[in-house]
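> Fold the following, please.
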Amino acid sequence: MNETGMFPINDLYLFPFFQSRDEYFQATGEEAPVWDPSKPVKGWFDPAARNTNRRTFLYDVVLMYDKNGMVLSDAQGFPQTEQLALLREDAGRVNMLPRETMVDYGPGSKVAPIPVPMRPLKETEELVFTFGGVVAVRLKDFYKNTVNAFTTADRRLLEKIAQKLGVTV
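Numbering: from 1, shown residues only. Below you'll find the model as predicted:
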């Protein structure tokens, strides 16, 4: 967290999110599966889905995207969340674009990515949009504890200190 009382959304992620095939390889020691153009991009996987007979996985909290990949806002202007259900095969693997550039990767590359499941927000947290529409987590009460200006009591105290020091105001 920084002086704004905010921290990155990825601190809520239940699973690591991989930006590239190389990052995936460095973290897991295995090559990412071959890109499936019929499915959306997915840069995370649930390890539990690799060792189970369950057919589907339900994740309670993910960001809600529109068809263009922009996070949707609720009526108050905060980022919106929803539930996500995935088949075991999809939950247990990434679907990352190939390394080549300037290529048409098919329909899966033209829709919103599959969002990363997150832990539920604590009562003291809220999702907010920051500069450029980036989603972050803000502590709700952080600003209540931040003094933005001198109060009347602060001014009186400073005047008394100045008098003791013999400084004229």
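
> correct me, but M70 touches G133?
Yes - using CB atoms under 8 Å, M70 is in contact with G133, at 6.9 Å. C-beta coordinates here come from the backbone N, C-alpha and C atoms, glycine included.

> which residues in the protein form strands?
Here the chain has its strands, by DSSP state E, at 6-8, 56-63, 81-87, 125-129, 135-139.

> Excluding chain neighbours, what is closest to Q19?
Of all residues not flanking Q19 in the chain, G43 sits nearest, at 6.7 Å (CB to CB, 6 or more residues apart in numbering).

> What number of residues are in the vicinity of that neighbour?
Using other CB atoms under 10 Å, G43 is surrounded by 22 other residues.

> just A49 next, same as before
By other CB under 10 Å, neighbour count at A49 equals 18.

> which residues sit in contact with it?
A49 is in contact with 57, 86, 88-89, 91-92, counting by CB atoms under 8 Å, 6 or more residues apart in numbering.

> can you rerun that using 6 Å?
Counting by CB atoms under 6 Å, 6 or more residues apart in numbering, A49 touches 57, 88, 91-92.

> and the residue nearest to D74 when sequence neighbours are not counted, what is it in contact with?
Leaving aside its sequence neighbours, D74 sits nearest to Q80 (CB to CB, 6+ apart; 4.7 Å). Taking CB under 6 Å, 6+ apart, we find Q80 in contact with 64, 72, 74.

> which of those residues are buried?
M64 (16 or more other CB atoms under 10 Å).

> Below-threshold pLDDT in the chain: ranges please.
Applying pLDDT under 70 to the chain picks out residues 1-4, 101-109, 143-152, 169.
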